[in-house]
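Asks: After the sequence you'll find the predicted model.
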Amino acid sequence: MNDAWRDVEAGRQQLDWAVAIGDPAEAEYLTPLGHQVASRAITDLDAFFGPGWLHRATHPGPGTTGPTVMPYFASLLGAPAFVAAISLWARLQVLVDAGVQGIGQVRKNLRVNPAAEEFRHHIALARLAVLASQAGARLTLEPVKPQGGPGDLRAVRAGSDVFVEVRALGPGQGFRAHSRWIDDAMMHLRVLEVRHDVHWDGELPTEPDVQWKEAVDAAAAEVSATGVPIEVVVNGATLTARPGPAPTGTQITGPLWEADEGHRLLQALMKKAIKTQSAGAAWLWLEDAGALWPLTAFASDPLPQKVKVLQQALGPLFDAHPHVLGVVLTSGEMRFGGPLDDATETHHRGAAFLRTMPGSLVRESIVVHRRLCVPGQYALITEMCAEEPAWLDHALARLGVPGGVAALTTWPVRQAPTVGRQYPGGRLYVPTQSYPSPR
């Protein structure tokens, strides 16, 4: 941790983009051009979000969830976070420099309300706007509708006038509550490790309750006194307390979590459909932010099956709202653990795309249209999905940065991604989590 971060931790300095991205001269992975672009990004991000924004974002008020900004902290996380920060800067600055109608309102919304949902929504909106611009469309952000407040994006290309309503869908309340239980349980175990010089391996119960805490308290104290390992079994989950520091490979696994998220997805789309009725024909774009990928059986389906499943699920939506021309469902950016080739699957009612982004991040996009297809609009939507890997280099070129993102770092930003674990079948599962001992 450098001196700037120590000052932030001690409250002597507020967190800003200069601290988050770091001193470009100290980043060994940056090229000389990367140093210049990093300095530009710091200046422009400070100007876009305004003074004090990062501090407010990381210190939300009571009842407010702050945005996830850690992935942009290149000073802590190195080259991958630098690519993420440059991506954030590029997608916003391209819209600012082009004077896209509505970018001022987007900036105002983000400045006034540094909250998780607001940030997810507007960054997703900026992403789609840049993709539409790359495809040759003229843009309006937050266009006026006859009724029901502003829309999200209007993209006009040739004779196609596409109205897009955007929604980011995060984890449900049940999963968030479950995550808080698990975080609390892990913190409790870490305190006992330090207090009694023990370590743990095994499983956490689904809901670590008072009974479980009392049991692990007693086990840690006894192991500390006797040096003999003790098993704690609660609700079928076995956790073993052992003396001394944890050897390499020791882990605690989290429980499986099951829920049906299909109704949340359809409900979110229905609400967006109602909001777009006065706009005439519209597309609904749902960006998953942890509700479906990578935790559901749907996420592990092959691309053709994803199109069929989504088509079947959206029947009630298309029947109830004839003005909705189609739906796009995209995953968040995912990091895998083995080479993945780009893939495209076409269907008579839609298409699916798997694409690798800069930084070896992967996105899946599924497009489904109603039976009556509007070819020009469908072509623009699918091109936005298919050509997404090129967006950052295209945006950097528009910002006067030659050579694309590869010219900024010595880190292989387009290295082959790697395939992660397979998740069991079912409706929605939390993957087994490993919590290695800090010692």
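Replies: Noted; the coordinates are in hand.
Asks: could you give the mean pLDDT of stretch 298-316?
Replies: Model confidence over stretch 298-316, given as mean pLDDT, is 89.
Asks: Distance from the chain centre to that stretch, please.
Replies: Offset of stretch 298-316 from its chain centre (CA atoms, centre = their mean, to the nearest Å): 21 Å.
Asks: Please pull out the lowest mean pLDDT helix or strand from this structure.
Replies: strand 334-335 (a mean of 70; mean pLDDT, DSSP states H and E).
Asks: which is the next helix or strand following it?
Replies: From strand 334-335 onward toward the C-terminus, using DSSP states H and E, the following helix or strand is strand 343-347.
Asks: Give me the contact list for that next one.
Replies: Outside strand 343-347, the residues within contact range by CB atoms under 8 Å, 6 or more residues apart in numbering are 302-304, 307-308, 311, 351-354, 386. (Glycine included, C-beta is placed from N, CA and C.)
Asks: tell me which of the residues you listed is nearest to Ala135?
Replies: Ranking these by separation from Ala135, with CB to CB as the measure, puts Ala386 on top at 9.5 Å.
Asks: can you pull the buried residues of the helix or strand that contains Val96?
Replies: In the assignment (DSSP H and E), Val96 maps to helix 79-97. Neighbour-count burial for helix 79-97 flags 79-95 (criterion: 16 or more other CB atoms under 10 Å).
Asks: Kindly report the same for stretch 52-72.
Replies: Applying a neighbour-count criterion of 16+ other CB under 10 Å, the buried positions in stretch 52-72 are 53-54, 56-58, 66-67, 69, 72.
Asks: Same question for stretch 93-113.
Replies: Buried positions in stretch 93-113, judged by neighbour count with 16+ other CB under 10 Å: 93-95, 100, 102-103, 106-107, 110.
Asks: can you tell me the distance between the two ends of it?
Replies: Between the opening and closing residues of stretch 93-113 lies a distance of 20 Å (CA to CA, to the nearest Å).
Asks: Just give me how far it sits from the chain centre.
Replies: In terms of CA atoms, centre = their mean, the centre of stretch 93-113 is set 21 Å apart from its chain centre.
Asks: So what touches it?
Replies: In this structure, residues lying in contact with stretch 93-113 by CB under 8 Å, 6+ apart are 44, 48-50, 53, 118-119, 122, 125-126, 129-130, 133, 139-143, 150, 395, 398-399.
Asks: if we can go back for a sec, can you tell me which of the buried residues of stretch 52-72 comes closest to Val234?
Replies: Sorting these by how near they are to Val234, with CB to CB, puts Gly66 at the top with 33.2 Å.
Asks: Next one: that closest one, what pLDDT does it get?
Replies: What the model reports for Gly66 is a pLDDT of 90.
Asks: How about the secondary structure of it?
Replies: For Gly66, the assignment made with DSSP: H, G, I helix; E, B strand; the rest coil gives coil.
Asks: Excluding covalently adjacent residues, which one is nearest to Ala85?
Replies: For Ala85, the nearest residue in space outside its immediate sequence neighbours is Tyr72; the separation is 4.3 Å by CB to CB, 6 or more residues apart in numbering.
Asks: could the buried residues of stretch 93-113 go into CSV alongside pLDDT and distance to Cys373?
Replies: Written out in CSV, the entries for the buried residues of stretch 93-113 read as follows (pLDDT from 0 to 100; distance: CB to CB, whole Å):
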residue, pLDDT, distance to Cys373
Gln93, 99, 35
Val94, 98, 30
Leu95, 98, 29
Val100, 98, 28
Gly102, 97, 28
Ile103, 98, 31
Val106, 96, 30
Arg107, 98, 36
Leu110, 96, 35
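Asks: what would those look like in TSV with distance to Leu340?
Replies: As requested, these are arranged in TSV below (distance: CB to CB, whole Å):
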residue	distance to Leu340
Gln93	30
Val94	27
Leu95	30
Val100	33
Gly102	35
Ile103	34
Val106	32
Arg107	35
Leu110	32
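Asks: Pick the one among these closest to Leu380.
Replies: Of all the buried residues of stretch 93-113, Val100 has the smallest distance to Leu380: 16.6 Å, by CB to CB.
Asks: and the closest one, how far is that from Lys272?
Replies: Remark: distance between Val100 and Lys272 (CB to CB, to the nearest Å) = 22 Å.
Asks: show me where pLDDT drops low in the stretch 101-250 of the chain?
Replies: Flagging of the stretch 101-250 of the chain using pLDDT under 70 yields the residue ranges 148-149, 170-180.
Asks: before we move on, back to that, filter the contacts of strand 343-347 down to the ones in helices?
Replies: Secondary structure assignment by DSSP state H places 303-304, 307-308, 311, 386 of the contacts of strand 343-347 in helices.
Asks: For Leu15, state which of the residues you listed is nearest.
Replies: Distances from Leu15 to the ones in helices among the contacts of strand 343-347, taken as CB to CB, are shortest for Ala386 (37.5 Å).
Asks: show me what contacts the closest one?
Replies: Ala386 sits next to 344, 353, 355 when contact means CB under 8 Å, 6+ apart.
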